[in-house]
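K.L.:
For reference, the sequence and a predicted model appear below.
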Amino acid sequence: VQLVESGGGSVQAGGSLRLSCTASGRAYSCSGWFRQVPGKKREGVAHINNYATYADSVKGRFTISKDNAKNTLYLQMNSLKPEDTAMYYCATVYAITCTFENLLRSPYWGQGTQVTVSS
């Protein structure tokens, strides 16, 4: 499985972006988004299998979804804040339980797309 992210960019605080992650080959049912800033650990943002789970920092602002017919995972990001600035990565994994921890162990990651939010 190869994953390719797109949709990153630079926006002002309060703006919106929609990230996409397209899989070549069929992605696993557990997929998610992570973000990382230099010098910090990669942190989970949202994951989805039959239902979505969000990090507290993005609840109510971000929405994860997937289109199985297009093998594409999305992250709609609204009300963006400067602290959302990071490189965003998607991942997919076969797991009985879909968790951030299981996704972090996956060998299937995209190359990342940069999101920059200015105040």
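P.N.:
Structure received. Numbers count the residues shown, from 1 in each chain.
K.L.:
Run through the strands of the chain in chain order.
P.N.:
Along the chain, the stretches classed as strands by DSSP state E are 2-6, 9-12, 17-24, 30-36, 43-48, 52-54, 62-67, 72-77, 86-93, 108-109, 113-118.
K.L.:
relative to strand 72-77, how tilted is the fifth one?
P.N.:
Regarding strand 43-48 and strand 72-77, their directions subtend 120 degrees when assessed with axes from the mean of the first three to the mean of the last three CA atoms, to 10 degrees.
K.L.:
What is the neighbour count of Ser24?
P.N.:
Using other CB atoms under 10 Å, Ser24 has 10 other residues around it. All C-beta atoms are positioned from the backbone trio N, CA, C, and that covers glycine.
K.L.:
Between the two ends of stretch 39-53, how far is it?
P.N.:
End-to-end distance of stretch 39-53: 25 Å, with CA to CA, to the nearest Å as the criterion.
K.L.:
And that stretch, how far out from the chain middle?
P.N.:
7 Å (CA atoms, centre = their mean, to the nearest Å).
K.L.:
In that stretch, which of the residues would be classed as buried?
P.N.:
The neighbour-count criterion (16 or more other CB atoms under 10 Å) identifies Arg42, Gly44, Val45, Ala46, His47, Ile48, Asn49, Thr53 as the buried residues of stretch 39-53.
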